[in-house]
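Asker: Build the 3D model from these lines:
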Amino acid sequence: GCAPDAVCTNYKVGTSDTVQCSWNDVSNTLLYVKSKGLKIAILSYGSDTSTSSLLSSTLATLRNAGIAVWVAAGNSGGPTAFPARDPNAYSVAALNTGQDSLTGWSSRGKVEIATPGSSILSCNNSGGWSSVSGTSFACPIAAGLCALVLANNKKFSGVQAADWLIASCTRKTAEGYPIP
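Answerer: Numbering: from 1, shown residues only. The predicted model follows:
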């Protein structure tokens, strides 16, 4: 990965084996992340149609605690999905891998950073490898880069590392939207 010395911890959101969960489930999981003292969290989950004041409050709580929450921007090609568009989230769009351009399907609008998100080699459920695409695959790359910044600046909070990373990016304009 981007930060080989980082400790990765996975937490299941929700109570079933399906991919469906409530914003309350997401909020509770993020608060659990906070209780463990972690500096970075990733959400590869979002909605183009719903929002949650509870989750927005939780994101503010985590940001105020110095925890950077990286969130996949969405794959609609339209405006950034919730919770990525929340002011306390770090939204991640997807670049065409090996190119300096957003994918056609990556959501746009409130985006802090764009990282490769198309044709990403990932493990699959069969024990092999697959090529996958989506902002859900771009998001861990941004979080990994943030972890690498933390590895070299141990006194930084997650938010300080994320802000440093974003400030170090080259700003470009794609289709009228600012992207790093």
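
Asker: how about the helices of the chain, start to end?
Answerer: Here the chain has its helices, by DSSP state H, at 23-35, 53-64, 135-152, 158-167.

Asker: For residue 97, find the nearest of those helices.
Answerer: Nearest to residue 97, of all the helices of the chain, is helix 135-152, at 9.5 Å by C-beta to C-beta. From N, CA and C alone the C-beta is placed, and that goes for glycine too.

Asker: Packing partners of the closest one?
Answerer: Applying 3 or more C-beta pairs under 8 Å, 6 or more residues apart in numbering; DSSP states H and E, one finds that helix 135-152 contacts strand 40-43, strand 68-72, strand 90-95, strand 113-116, strand 120-123, helix 158-167.

Asker: Now render those as TSV, adding mean pLDDT, distance to residue 139 and mean neighbour count.
Answerer: Output for those, formatted as TSV (pLDDT from 0 to 100; distance: least, C-beta to C-beta, whole Å; neighbours: other C-beta atoms under 10 Å):
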stretch	mean pLDDT	distance to residue 139	mean neighbour count
strand 40-43	94	5	23
strand 68-72	97	4	29
strand 90-95	95	4	29
strand 113-116	92	8	23
strand 120-123	88	11	13
helix 158-167	96	12	19
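
Asker: is it possible to export the ones you listed to CSV including distance to residue 52?
Answerer: What follows is the helices and strands packed on helix 135-152, written out as CSV (distance: least, C-beta to C-beta, whole Å):
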stretch, distance to residue 52
strand 40-43, 12
strand 68-72, 13
strand 90-95, 16
strand 113-116, 23
strand 120-123, 28
helix 158-167, 21
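
Asker: Now do residue 69 against residue 27, distance only.
Answerer: Look at residue 69 and residue 27: by C-beta to C-beta, to the nearest Å, they are 11 Å apart.

Asker: same check, this time on residue 39
Answerer: Distance, residue 39 to residue 27, using C-beta to C-beta: 19 Å.

Asker: cool, residue 109 as well?
Answerer: To residue 27, residue 109 is 23 Å away according to C-beta to C-beta.

Asker: So those two - more neighbours on which side?
Answerer: residue 27 (21 against 16; other C-beta atoms under 10 Å).

Asker: what sits against the closest residue to that one other than its chain neighbours?
Answerer: Leaving aside its sequence neighbours, residue 27 sits nearest to residue 58 (C-beta to C-beta, 6 or more residues apart in numbering; 4.2 Å). Counting by C-beta atoms under 8 Å, 6 or more residues apart in numbering, residue 58 makes contact with 26, 27, 30, 31.
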